[in-house]
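> Dropping a prediction and its sequence here:
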Amino acid sequence: MKLNTLTALCAALALASPGAFAQQPIVIKFSHVVAVNTPKGKGAEQFKKLAEERTGGKVKVEVYPNSALFKDGEEMEALQLGSVQMLAPSVSKFGPLGAREFEIFDIPYIFDSYDDLHKVTEGPVGQGLFKKLESKGITGLAYWDNGFKEMSANKPLRKPDDMKGLKFRIQSSKVLGDQMKAFGALPQVMAFSEVYQALQTGVVDGQENTPSNFFTQKMHEVQKYLTMTDHGVIEYAVIVNKKFWDGLPADIRKTLEGAMKDATKFANDIAKKENDDALAAIKASGKTEIVTLTPAEKEAWKKAALAVHKDNESRVGKDTLQLVYKETGFKP
Ligand code: LMR
């Protein structure tokens, strides 16, 4: 067929059905591993809503919760390859990518409150960590909170010694491995989606997580005790494939940045309440007993955790650790 005949045919087709030639929306696949009714799950839905509304449908955000698309351990590579465009992994999962400094967030008892956490995420440390992702083809957009981690097992854990010999699931972080060892437990790295079954079948004896993750993964069905250690945090970095992000039309990228800013505020505003509500739901289930520590008992956990700070100075960066101490007022 001659070129001008082809052009004429296309023009005729476009007139007959304009929809067929309408511009396709830009699709952002946003994959994550937790349930929809969690701080991260709701934050992702909020970003989708704002992004689609504010771009007038030029951008379509497809959210895949609950490891539907990729498990943790697989999703970073998927992002780098461009199979997904956006993720919000816990910052404890950047070690295998070669960005081990993110494990600063895993140092036990370094944060006392959400305010402490925000001093770090919103300050030079948080922004400096994002810079380390650029060479890996990743752009960091925002930090989203989940909350404080508690220890669960089938026995009450009043002191670190009660963890002795128990197998504990952890995320892929050396600092978390060291933390479990400092408390006497045997750490085992495992994908989040596999934790429920591992607890049910006794592959591991316990795990650490926020009440929100504990409840929405139904861990209260398979763990008899949840000790309120508050020893660490689950914090997320919302990240995008750099090439994809840089390649967006400038006006669209700006609109999406605004949507992300507002979704971040939304997610961080609900995080504490989501966890308080989840804790109340765990209690109400009558299946998991909540163990509250006395101040003296809590001190024993903090003392046992100190070795983890020292041993990981070079992993997370000595200067960074000192800066975080300064920002949070932590006294080693
Ligand atoms: C975990 O693996 O325990 C958490 O990071 C899951 C999550 O994304 O909150």
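Good, I have the coordinates.
> so what's the residue of the stretch 151-300 of the chain found nearest the ligand up against?
Closest residue of the stretch 151-300 of the chain to the ligand, Cβ to the nearest ligand atom: residue 192 (3.5 Å). (Each C-beta comes from the backbone N, C-alpha and C, glycine too.) By Cβ atoms under 8 Å, 6 or more residues apart in numbering, residue 192 lies in contact with 33-34, 67, 71-72, 171, 213, 217.
> Please list only the buried members of those.
When the contacts of residue 192 are checked for burial by 16 or more other Cβ atoms under 10 Å, the buried set is 33-34, 67, 72, 171, 213, 217.
> contacts with the ligand among the residues you listed, please.
33-34, 72, 171, 213 (Cβ under 6 Å from any ligand atom).
> For those residues, could you give me JSON lines that also reports secondary structure, pLDDT and distance to residue 46?
Output for those, formatted as JSON lines (DSSP: H, G, I helix; E, B strand; the rest coil; pLDDT from 0 to 100; distance: Cβ to Cβ, whole Å):
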{"residue": "33", "secondary structure": "coil", "pLDDT": "98", "distance to residue 46": "18"}
{"residue": "34", "secondary structure": "coil", "pLDDT": "98", "distance to residue 46": "15"}
{"residue": "72", "secondary structure": "coil", "pLDDT": "93", "distance to residue 46": "22"}
{"residue": "171", "secondary structure": "coil", "pLDDT": "98", "distance to residue 46": "25"}
{"residue": "213", "secondary structure": "helix", "pLDDT": "98", "distance to residue 46": "19"}
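> quick one: which of the residues you listed is nearest to residue 62?
Ranked by distance to residue 62 (Cβ to Cβ), these are led by residue 33 at 15.7 Å.
> my guess is the closest one contacts residue 72, does it?
Yes. Between residue 33 and residue 72 a contact is recorded at 5.1 Å, counting by Cβ atoms under 8 Å.
> Which neighbours do those two have in common?
The overlap between the contact sets of residue 33 and residue 72 (Cβ under 8 Å, 6+ apart) consists of 89, 191-193.
> what's the closest of those residues to residue 311?
Nearest to residue 311 among these is residue 89, at 24.2 Å by Cβ to Cβ.
> distance of the closest one from the ligand?
When distance is defined by Cβ to the nearest ligand atom, to the nearest Å, residue 89 is 6 Å away from the ligand.
> And that residue, what's its pLDDT?
Reported pLDDT at residue 89 in the predicted model: 98.
> give me every residue that touches it.
Shown in contact with residue 89 (Cβ under 8 Å, 6+ apart): 32-33, 72, 75-76, 236-237, 239.
> now residue 143: how far from the ligand?
Residue 143 sits at a distance of 13 Å from the ligand (criterion: Cβ to the nearest ligand atom).
> re earlier: kindly provide the distance from the residue of the stretch 151-300 of the chain closest to the ligand to residue 140.
21 Å (Cβ to Cβ, to the nearest Å).
> Look up how far residue 148 lies from residue 300.
Residue 300 sits 18 Å away from residue 148, going by Cβ to Cβ.
> quick one, which of the two is more surrounded?
residue 148 (22 against 15; other Cβ atoms under 10 Å).
> Where does that one sit: helix, strand or coil?
Three-state assignment for residue 148 (DSSP: H, G, I helix; E, B strand; the rest coil): strand.
> Next: residue 204.
Quick answer, by three-state DSSP: residue 204 is coil.
> Test my guess that it contacts residue 170.
No. If you go by Cβ under 8 Å, residue 204 and residue 170 don't touch, sitting 9.4 Å apart.
> Find the residues that touch each one of those two.
188, 190.
> Distance to residue 134 added to the ones next to the ligand among the buried ones among the contacts of residue 192, as CSV?
Listed next are those as CSV, based on distance: Cβ to Cβ, whole Å:
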residue, distance to residue 134
33, 24
34, 26
72, 22
171, 23
213, 29
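> What count of nearby residues applies to residue 76?
Number of residues near residue 76 (other Cβ under 10 Å) recorded here: 21.
> For it, which residues are in contact?
Counting by Cβ under 8 Å, 6+ apart, residue 76 makes contact with 87, 89, 93-94, 96-97.
> Looking at those residues, spot the one nearest residue 158.
Nearest to residue 158 out of these is residue 93 (Cβ to Cβ; 29.8 Å).
> what's near enough to touch that closest one?
Contacts for residue 93 (Cβ under 8 Å, 6+ apart) come out as 72-73, 76, 171-173.
> sorry, back to before: and the contacts of residue 76 as JSON lines, adding secondary structure?
Shown next, in JSON lines, are those (three-state DSSP):
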{"residue": "87", "secondary structure": "strand"}
{"residue": "89", "secondary structure": "coil"}
{"residue": "93", "secondary structure": "helix"}
{"residue": "94", "secondary structure": "coil"}
{"residue": "96", "secondary structure": "helix"}
{"residue": "97", "secondary structure": "helix"}
